[in-house]
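Asker: take a look and give me a structure for this.
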Amino acid sequence: MEVVKGPDSNRDARLEHMVQAHQANLLTLCYAYLHERGLAEDAVQETFLRAYKAMDAFREDCSERTWLTRIAINVCRSMRHSAWFTRVNRRVTPEDMPEIAHEDAEAAELAEAIGRLPDKLKEVILLYYYQEMTMPEIAKTIGVTVSMVSKRIKKAHAKLRGALGKEDFHG
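Answerer: Now for the predicted structure:
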């Protein structure tokens, strides 16, 4: 008996590829925004659901990673603005952050300091260093200019230097 593939089989295969390629990075990003693993997992799931629904509209004028990251950021922002979210304490501890190694106290201290940054600064640091996106990719993802991304990275570095008490912090 031969299996008949429906018209959505290519979309299903593409979604499966996206999940395998990007799920771990998106989980780290969503956790940094939402400060709770369960919510981060929900946000990643919602990201892939939205991507699946909009797959035919994806014009590929940016990378798949950039597109999914933008969706994930929007999902996280929506979740953070919901009424119930603001009533719960969601402090990030370094041990809680998925997919980020904390082999020494300095790495744990850095992760905690990044978690305390304002959202606009935290997102550029996470995208630049943890997602390894270029400044133009970040600009496209969050909808700002490349120079604004650069300014936010510099401002985040200054805040991290102050928080960590290190004059030689370079990222």
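
Asker: in the protein, which helix or strand is least confident?
Answerer: The weakest-scoring helix or strand in the chain, judged by mean pLDDT, DSSP states H and E, is helix 105-115 (a mean of 74).

Asker: helices or strands up against the helix or strand just after that one?
Answerer: Counting by DSSP states H and E, the next helix or strand C-terminal to helix 105-115 is helix 119-125. Contacts defined by 3 or more Cβ pairs under 8 Å, 6 or more residues apart in numbering; DSSP states H and E place helix 119-125 against helix 9-34, helix 105-115, helix 135-142, helix 146-164. C-beta coordinates here come from the backbone N, C-alpha and C atoms, glycine included.

Asker: hmm, try it at 10 Å
Answerer: Helices and strands touching helix 119-125, by 3 or more Cβ pairs under 10 Å, 6 or more residues apart in numbering; DSSP states H and E, are helix 9-34, helix 64-80, helix 105-115, helix 135-142, helix 146-164.

Asker: can you lay out those as CSV showing mean neighbour count and distance to V44?
Answerer: Shown next, in CSV, are those (neighbours: other Cβ atoms under 10 Å; distance: least, Cβ to Cβ, whole Å):
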stretch, mean neighbour count, distance to V44
helix 9-34, 18, 5
helix 64-80, 20, 7
helix 105-115, 17, 18
helix 135-142, 20, 16
helix 146-164, 16, 23
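
Asker: let's have these in TSV, adding distance to D56.
Answerer: Below are the helices and strands packed on helix 119-125 laid out as TSV (distance: least, Cβ to Cβ, whole Å):
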stretch	distance to D56
helix 9-34	8
helix 64-80	13
helix 105-115	36
helix 135-142	20
helix 146-164	29
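
Asker: hey, least reliable of those helices by pLDDT?
Answerer: Within those, confidence is poorest for helix 105-115, with a mean of 74 (mean pLDDT).
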